[in-house]
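Trainee: Sequence isn't available, so here's the structure alone:
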């Protein structure tokens, strides 16, 4: 499959990338956006566009072909699709997705973050803010505004409240409880692994088992569920815990 190259300088997308460079795929149906955004990133030594796509089909092929850190994805490409985001993350588990949206509403915003998007930005975002967003998300953070934080917290709080009742909760091992406590403190897998004297992969394996036991799907849902059902004891405010988990 042929990949797009909207550059005017003749730069090849297959040229080697320097170590430490953030590798980006631009997925947008409008060539003018791809050209403009690529020129913004070209001014930064640590950002590199490795591929471009104008459809979900070419995006999937690009992710499979090019090692990628960030996908900057036009929100319009997601219209009428249900499982595209999980499919992309299965194809490349380490890639981080940023969606550019013309406008957002509560349900759509919550669904995007729930499916694994790491940031939602406006199509009219300033170049400086776009660069900052890409760098922060590449570093493992989540880009989310205050309104979206509130929407996500409320949605997950409602979900956690409707999950399995305490009477039917399975038993959790001491190590599982320790991991849950670390999650509610906003710690990342690497930090949890260091604290418990193990590896990140072991923590990921434990988390999958914990999710299956409690019937939750991610860190935020796990934290709110455990707080709601008093599985762990903490004096921390629920919203503060949720914000820490979102930002971890």
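Mentor: Received it, and whenever you're ready, just let me know what you need. Since the structure is predicted, the reported quantities are computational estimates derived from the model, not experimental observations.
Trainee: Domain-wise, how is the chain divided?
Mentor: Domains of the chain are assigned by automatic domain parsing as 22-143, 152-247.
Trainee: What segments of the chain are helices?
Mentor: In the chain, the helices defined using DSSP state H lie at 31-42, 56-65, 84-91, 106-115, 127-138, 146-161, 174-184, 189-196, 200-214, 219-228, 238-247.
Trainee: Just list the residues touching residue 185, thanks.
Mentor: Counting by Cβ atoms under 8 Å, 6 or more residues apart in numbering, residue 185 makes contact with residue 244. For the C-beta atoms, the positions are set from N, CA and C on the backbone; glycine is no exception.
Trainee: State the pLDDT value of it.
Mentor: Looking at residue 185, its pLDDT stands at 89.
Trainee: which residue is nearest the centroid of this structure?
Mentor: Closest residue to the average C-alpha location of the chain: residue 118 at 2.8 Å, with Cα atoms, centre = their mean.
Trainee: any idea how far residue 32 lies from residue 26?
Mentor: 12 Å (Cβ to Cβ, to the nearest Å).
Trainee: ditto for residue 54
Mentor: Residue 54 is 9 Å from residue 26, by Cβ to Cβ.
Trainee: Neighbour count for those two, which is higher?
Mentor: Between residue 54 and residue 26, counted using other Cβ atoms under 10 Å, residue 26 has the larger neighbour count: 26 against 19.
Trainee: Would you confirm that the more buried one contacts residue 53?
Mentor: Yes - the pair residue 26 and residue 53 qualifies as a contact (Cβ atoms under 8 Å) at a distance of 7.3 Å.
Trainee: is it true that the residue nearest to the centre of the chain touches residue 95?
Mentor: No - at 9.4 Å, residue 118 does not count as touching residue 95 under the criterion of Cβ under 8 Å.
Trainee: worst average pLDDT in the domains of the chain?
Mentor: domain 152-247 has the lowest average pLDDT among those, namely a mean of 82.
Trainee: start to end distance for it?
Mentor: Distance across domain 152-247, first residue to last, is 12 Å (Cα to Cα, to the nearest Å).
Trainee: what do you get for stretch 151-171?
Mentor: Start-to-end, stretch 151-171 (Cα to Cα) is 31 Å.
Trainee: can you offset everything so residue one is 24?
Mentor: Right, with 24 as the first residue, what we last looked at is stretch 174-194.
Trainee: Quick one: neighbours of residue 162, just the number.
Mentor: 9.
Trainee: rewinding a little: which neighbours do residue 77 and residue 49 have in common?
Mentor: residue 57.
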